[in-house]
Structure formats: structure tokens, C-alpha cells
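Visitor: need the 3D shape of this:
(chains A and B)
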Protein chains: 2
Amino acid sequence: MPKMHEHEPKFIRTIPSGDSMERDVCATCGFVDYKNPKIVVGSVVTWGEKILLCKRAIEPRKGYWTLPAGYLELNETAEDGAAREAQEEALADIEIERLLAVYSIPRISQVQLMFRARLKSAEIGAGPESEEVGLYDWADIPWPDLAFPSVGWALRHYRETKDRKDFPPFSNPVDGL
Amino acid sequence: MPKMHEHEPKFIRTIPSGDSMERDVCATCGFVDYKNPKIVVGSVVTWGEKILLCKRAIEPRKGYWTLPAGYLELNETAEDGAAREAQEEALADIEIERLLAVYSIPRISQVQLMFRARLKSAEIGAGPESEEVGLYDWADIPWPDLAFPSVGWALRHYRETKDRKDFPPFSNPVDGL
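Guide: Below is the predicted model of the structure:
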């Protein structure tokens, strides 16, 4: 990735050479400020039949329940990022099993890579971004209080395939875009 | 996504509130210049038994062969981005079949989503980023002249699963990181 200019940039809106779309380009150094979609990595983490959920301590959707997930960082594989998020949000040590789903949320320019994973031990706890974490039976999942639509999608897609190894990953449900 | 500040930013290196890593933060407005990994979307596109390859007209790896692939744009689904890249680089009208592989290239902070796709017609041509495009039999693929390692991975992963519908997507080959 190009390094950010060290002077104060003066952005103009123009189509860089070899490109086909307008970008913010620094008039001083030619730095192109490409705006890119973001990658969210997360996982449906299980302990036996129970599923790990985290109650959000931060906005957006503070107080609602989510799966451990967050932005992939630089120089990280998708699997390592998902494991880091489980550690940060639920103090959970997990083993990634396989890719469950790839959701595209074009409205907010996100691609979400959701994995299926197992807890290595039942020791979990609330990290700084969580008010509370818990291991939930399917029947006890707080459906009306899920933080984001894609949390529900991932839970349902996990449930449909939990006893299978070989399946193509899901994308957005047909009713989900 | 936050809008870029309209004044000239004065970046300082600090940990934003609620974050755990140092970022470039504008001392004037508080804008956080998050640097994120990039998403590449592409596809192994077939016409019968033949595979679509593009000879690169641009750096990096000008003159070497690649699959139609490029950066996902804002407000685009992964599938739409892969179809756009095939149109731009090979004037190819494709139908995405399914996700073939998710490769993480942490050294350059990329996640690559590679799909399996079919040409809707045999009409193809070199777009501005291609010197030449062609439909290749497996035996005629110019292996020593492929542009990037992940092009070879995707071709081999396609070949292993071309007659299957249900399989988990591949990630980097064990010898590939």
C-alpha cells in the first residue's frame, strides 16, 4: 500500500492516470486516496451445542447482542483476524473450522467473512467492547435483540449446516439485501 | 464510512478513544485515517473446457498472464465486483457460479475472493488493462508466465473441484504463505 504523504495534502477530485473513476488525489505529491470497502471478520463460535454471543458495550447498537467480529487489520489473514476479535471481545481462545459465509453489505461498503469456530475451553469473559458474554442454547438466543441483520443470517446459516463439513459458503440470504 | 475532512489535515500518531492500536488522527477535526486491508475480487472464467486468461498491459507484472481480478469498489457486492473486472479487463460477460477460494496475502494486506464463473458468450477482447486475452485449454496454460502466485493457486483449485458443486472454498495452499 502507498505510504501516506508526510506533508499536508491538498486533495483535488480527478481521475488518476490508468484509472476509470474519480478519486481524491493530492495536488502536491500525486498520492491517490483510494477509498476501499472494508473487510469484517467474525465467527459463530460453539462450545458443544452452545453458541457464544457478546452484548455490545459500544455504539453502534450498544446493548444488543452480536457475534465476535470486527475489522480485519493490516498484515493479518482473515482467519487470524477472526480469532483476534474473539479474543478481544470475549476473551475466547478459538479454533477456526471453516468459512461459513461471505456477506456483501454494499450500502456501507463492507464484505463480511464469517467463520465457523470452536472454543478451545469454556473460559470466556467480557472484553472492553462487551458488556457481557454468554454461551447460548439455540432456543435461548435473544433474536429480537440481535445487533445487526447479518448476525441473524450467520446464526441461521450455521444452524443449517452445523452437521456438515462440505458445503459452499453462504452469501446474503435472498431476502437480505 | 467517515467523510474525509475538507480542511488540510494535520495527522498525529495516537490511539483513538475506544481503539487499541495507533492510527493517524487529524489534530484539527479528529478524523481517524484507518488503513485497511484491501479486497480483491476475481474469477476463474470458463467457456466449455477453456479458461479465460488476460495478459497484463500494466505494472505490476506487465506482460504476464492473470485471471480477471481487481479491487472491489465502494458500494459493490463481491460478485458484482468480480463481474465488473471481467468486463473491464476482458470485455467478458460472465455469470458467477460460486465462491472458489478466499486467499489472505497478509504481507500486502489483501484478501482475495476468487469465484468460479462461466462466460455467457465466447465474445471476449482486451480491455485497457490487458495486452491480449485468450481462452486456454488446461494443457496450454502458460504456467511460467503467470503474473502472481494466487493465479496459479486459483487455477489448481478450480481444476480440483471443477466437477463438484458442494465444497468448502479453498484458502491459501499450505505451501503458499
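
Visitor: so residue A:132 makes contact with residue A:126?
Guide: Yes. In this structure, residue A:132 is within contact of residue A:126 by CB atoms under 8 Å, at 5.6 Å. To be clear about C-beta, it is placed using only N, CA and C from the backbone, and glycine gets the same treatment.

Visitor: what residues do those two have in common as contacts?
Guide: A:54-55 (CB atoms under 8 Å, 6 or more residues apart in numbering or on different chains).

Visitor: least confident secondary structure element in chain A?
Guide: When the helices and strands of chain A are scored by mean pLDDT, DSSP states H and E, strand A:32-33 comes last with a mean of 80.

Visitor: so what pairs up with the residue most central in space within chain A in the strands?
Guide: Centroid-nearest residue in chain A: residue A:40, 2.8 Å away (criterion: CA atoms, centre = their mean). Residue A:40 forms beta bridges with residue A:71, residue A:112, as assigned by DSSP bridges.

Visitor: pull up the pairing partners for the least confident helix or strand of chain A, direction included.
Guide: Strand A:32-33 sits in its sheet next to strand A:23-26 (antiparallel), going by DSSP bridges.

Visitor: model confidence over the strand it pairs with, on average?
Guide: Strand A:23-26 carries an average pLDDT of 84.

Visitor: got it, and stretch A:67-82?
Guide: Stretch A:67-82 shows a mean pLDDT of 97 in the predicted model.

Visitor: tell me which residues of it are tucked away?
Guide: For stretch A:67-82, a neighbour-count test (16 or more other CB atoms under 10 Å in any protein chain shown) marks A:67-70, A:72-73, A:76-82 as buried.

Visitor: among these, which one lies nearest to residue B:100?
Guide: residue A:78 (15.1 Å; CB to CB).

Visitor: check contacts around that closest one.
Guide: Going by CB under 8 Å, 6+ apart, residue A:78 touches A:39, A:41, A:72, A:113, A:115, B:102, B:104, B:111, B:171.

Visitor: hmm, which of the residues you listed are the buried ones?
Guide: Among the contacts of residue A:78, the ones that count as buried by 16+ other CB under 10 Å are A:39, A:41, A:72, A:113, A:115, B:102, B:104, B:111, B:171.

Visitor: surely the fifth one meets residue A:44?
Guide: Yes. With contacts counted by CB under 8 Å, residue A:115 reaches residue A:44, the gap being 7.5 Å.

Visitor: longest strand anywhere in chain A?
Guide: strand A:94-105 (DSSP state E).

Visitor: gap between it and the chain center?
Guide: Between the centre of strand A:94-105 and the centre of its chain there are 9 Å (CA atoms, centre = their mean, to the nearest Å).

Visitor: for that strand, packing partners?
Guide: Contacts defined by 3 or more CB pairs under 8 Å, 6 or more residues apart in numbering or on different chains; DSSP states H and E place strand A:94-105 against strand A:38-47, helix A:78-90, strand A:110-119, helix A:149-161, helix B:78-90, strand B:94-105.

Visitor: now do 6 Å
Guide: helix A:78-90, strand A:110-119, helix A:149-161 (3 or more CB pairs under 6 Å, 6 or more residues apart in numbering or on different chains; DSSP states H and E).

Visitor: just to revisit the earlier point, distance to residue B:12 for the buried residues of stretch A:67-82 - can I get that in JSON lines?
Guide: Below are the buried residues of stretch A:67-82 laid out as JSON lines (distance: CB to CB, whole Å):
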{"residue": "A:67", "distance to residue B:12": "34"}
{"residue": "A:68", "distance to residue B:12": "31"}
{"residue": "A:69", "distance to residue B:12": "29"}
{"residue": "A:70", "distance to residue B:12": "24"}
{"residue": "A:72", "distance to residue B:12": "24"}
{"residue": "A:73", "distance to residue B:12": "20"}
{"residue": "A:76", "distance to residue B:12": "24"}
{"residue": "A:77", "distance to residue B:12": "30"}
{"residue": "A:78", "distance to residue B:12": "30"}
{"residue": "A:79", "distance to residue B:12": "33"}
{"residue": "A:80", "distance to residue B:12": "28"}
{"residue": "A:81", "distance to residue B:12": "26"}
{"residue": "A:82", "distance to residue B:12": "31"}
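
Visitor: identify, from those, the entry nearest to residue A:145.
Guide: Distances from residue A:145 to these, taken as CB to CB, are shortest for residue A:67 (13.3 Å).

Visitor: my guess is the closest one meets residue A:45, correct?
Guide: No. At 7.5 Å, residue A:67 does not count as touching residue A:45 under the criterion of CB atoms under 6 Å.

Visitor: pLDDT weak spots in chain A?
Guide: Scanning chain A for pLDDT under 70 picks out the ranges A:1-6, A:175-177.

Visitor: about what we covered before: dump the helices and strands packed on strand A:94-105 to TSV, plus distance to residue B:146.
Guide: Output for these, formatted as TSV (distance: least, CB to CB, whole Å):
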stretch	distance to residue B:146
helix A:78-90	23
strand A:110-119	25
helix A:149-161	34
